[in-house]
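Asker: can you look at this prediction? I've put the sequence above it.
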Amino acid sequence: VQLQASGGGLVQPGGSLRLSCAASGSDFGINSIGWYRQAPGKQRDLVAAITSNGGTRYADSVKGRFTISRDNAKNTVYLQMNSLKPEDTAVYSCNVGAFLKVLLGNFDSWGQGTQVTVSS
């Protein structure tokens, strides 16, 4: 499965962005998808995950602000980000696999992420 993240940009604090993760391949609908972010000098962390049947998991830092969703017909997962804060600034990437693997972020390869910058 190949993944392409998009939708990042520069936004002011309190603003919103919607990221998209488009996947190719026939196994998209049976797998979990995770959104991750990596700020300069920091490790890559899981932001949100969604299972094949729509179950979700969020990092504590984004609960109530971010919403992950998926459209299996379009092979796409979205991350709606509201009430953005400067500390949300990072490169956001997505990946796909079994739920535990998604939670752990234990992948050998990553696609190109999308930069999100929250600044006034």
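Answerer: In hand now; what should we look at? This structure is a prediction, so every number in the text was calculated from the model and none was measured. Residues are numbered from 1 along each chain as shown.

Asker: what's the span of stretch 98-107, first residue to last?
Answerer: Stretch 98-107 stretches 11 Å from its first residue to its last (Cα to Cα, to the nearest Å).

Asker: what of stretch 22-39?
Answerer: Length of stretch 22-39, first residue to last, Cα to Cα: 22 Å.

Asker: what's the mean pLDDT across that stretch?
Answerer: Averaged over stretch 22-39, pLDDT sits at 87.

Asker: now do stretch 76-92
Answerer: Stretch 76-92 carries an average pLDDT of 97.

Asker: residues of that stretch that come out buried?
Answerer: Neighbour-count burial for stretch 76-92 flags 76-79, 81, 84, 88-92 (criterion: 16 or more other Cβ atoms under 10 Å). The way it works is simple: take the backbone N, C-alpha and C, and place the C-beta from them, glycine included.

Asker: quick check: the farthest pair among those residues?
Answerer: Spatial extent of those (Cβ to Cβ) is set by the pair 76 and 89 at 23.8 Å.

Asker: who touches the residue nearest to residue 14 when sequence neighbours are not counted in this structure?
Answerer: Distance criterion Cβ to Cβ, 6 or more residues apart in numbering; nearest residue to residue 14, sequence neighbours excluded, is residue 83 at 6.1 Å. If you count contacts by Cβ atoms under 8 Å, 6 or more residues apart in numbering, residue 83 has them with 14, 16, 65.
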